[in-house]
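J.: Fold the following and give me the result.
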Amino acid sequence: MSLALKQVFNKDRTFRPKRKFEPGTQRFELHKKAQASLNAGLDLKLAVQLPHGEDLNDWVAVHVVDFFNRINLIYGTISDSCTEQTCPVMSGGPKYEYRWQDEHKYKKPTAVSAPKYMSLLMDWIEVQINNEQIFPTNVGTPFPKGFMQVAKKILSRLFRVFVHVYIHHFDRVSQMGAEAHVNTCYKHFYYFVTEFNLTDHKELEPLKEMTSRMCH
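T.: Numbering: from 1, shown residues only. Next up is the predicted model:
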């Protein structure tokens with residue numbers, strides 16, 4: 001990572017404090033295992049595969065939290081050029097517009113600006129991953145039946161951050177020398193969600209051409 005990039009990623013540009021795994025827990029060990037295979041330069045396609053004898057729910061939970069932290073950081077680096085004025089609509093080019101919907105204030109899909117969408121999204125994800133009923137942290141506490149559905153929804157929405165960043169702010173990413181870092185994070189994310197079928201193919205459409213070049 002270049003020095004300029006290190007400075008960028010070291011600045012506290014993320015919206016949220018990072019969600020950490022408690023040392024000594026099974027989830028922490030899995031997180032370390034996932035990080036070790038990445039740091040060893042293992043092929044990303046292999047790195048995402050479920051380790052032998054591990055629980056799929058645990059593996060997915062670890063990655064959801066990890067991707068939340070990383071994508072938060074990526075968006076944080078370009079957030080100064082993603083404003084109400086530059087991005088009045090949360091979109092991925094002229095063909096794709098993302099509307100926000102949740103269980104509280106936005107009961108119907110609502111058009112919002114990109115920065116507003118990002119803020120709502122990160123708040124919403126944070127509530128999910130900090131909810132012990134959905135993301136239990138104690139070993140032996142079973143995951144709820146609907147866990148995979150929540151994980152899929154989180155990952156599908158996080159994918160939209162990549163769509164917006166690549167289509168509307170990639171010049172800023174390149175300018176900061178962050179291109180290789182963002183591309184690696186994207187490939188890791190893409191291989192993970194496709195390995196476990198965690199994102200609808202329709203969601204992946206906006207970056208289809210780039211993905212076919214980058215992730216053969």
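
J.: Who are the contact partners of residue 162?
T.: Shown in contact with residue 162 (Cβ atoms under 8 Å, 6 or more residues apart in numbering): 71, 186, 189, 207. Quick note: C-beta positions are derived from backbone N, CA and C, even for glycine.

J.: Now the element after the helix or strand containing the second one, going C-ward?
T.: Secondary-structure assignment from DSSP states H and E places residue 186 in helix 179-195. Secondary structure here is assigned by DSSP H and E; on that basis, the next helix or strand after helix 179-195 toward the C-terminus is helix 201-204.

J.: just checking, next helix/strand downstream of that next one?
T.: Downstream of helix 201-204 (by DSSP H and E), the next one is helix 208-214.

J.: Packing partners of that following helix?
T.: helix 179-195 (3 or more Cβ pairs under 8 Å, 6 or more residues apart in numbering; DSSP states H and E).

J.: Show me what the helix it packs on is packed up against.
T.: Against helix 179-195 (3+ Cβ pairs under 8 Å, 6+ apart) you get helix 44-47, helix 56-78, helix 147-168, helix 170-175, helix 208-214.

J.: Mind putting those into TSV with distance to residue 195 and mean pLDDT?
T.: Output for these, formatted as TSV (distance: least, Cβ to Cβ, whole Å; pLDDT from 0 to 100):
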stretch	distance to residue 195	mean pLDDT
helix 44-47	8	88
helix 56-78	10	92
helix 147-168	12	97
helix 170-175	25	92
helix 208-214	14	94
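
J.: separation between the spatially most central residue of the chain and residue 162?
T.: Centroid-nearest residue in the chain: residue 67, 3.8 Å away (criterion: Cα atoms, centre = their mean). Separation of residue 67 from residue 162 (Cβ to Cβ, to the nearest Å): 10 Å.

J.: which neighbours do the two share?
T.: Joint contacts of residue 67 and residue 162 (Cβ under 8 Å, 6+ apart) are residue 189.

J.: Would you check how far apart residue 104 and residue 182 are?
T.: 31 Å.

J.: Oh, that last question was meant for residue 154, not what I typed.
T.: Distance, residue 154 to residue 182, by Cβ to Cβ: 19 Å.

J.: Same check on residue 139?
T.: From residue 139 across to residue 182, the span is 34 Å (Cβ to Cβ).

J.: Looking at these two, which is more packed in?
T.: Remark: of residue 139 and residue 182, residue 182 carries more neighbours, 23 against 11, as counted by other Cβ atoms under 10 Å.

J.: Quick check, pLDDT for the more buried one.
T.: Looking at residue 182, its pLDDT is 92.

J.: Distance of it relative to residue 113?
T.: 22 Å.

J.: Not counting its own residues, what contacts whichever strand or helix holds residue 122?
T.: Under the criterion of DSSP H and E, residue 122 resides in helix 114-129. Contacting residues not belonging to helix 114-129 are listed as 15-16, 19, 64-65, 68, 72, 75, 79, 82-84, 87-91, 98, 100, 102, 106, 112, 134-135, 150, 154, 157-158, 160-161, 164, 168 [Cβ under 8 Å, 6+ apart].

J.: Tell me how many other residues crowd residue 99.
T.: Neighbours of residue 99 (other Cβ under 10 Å): 13.
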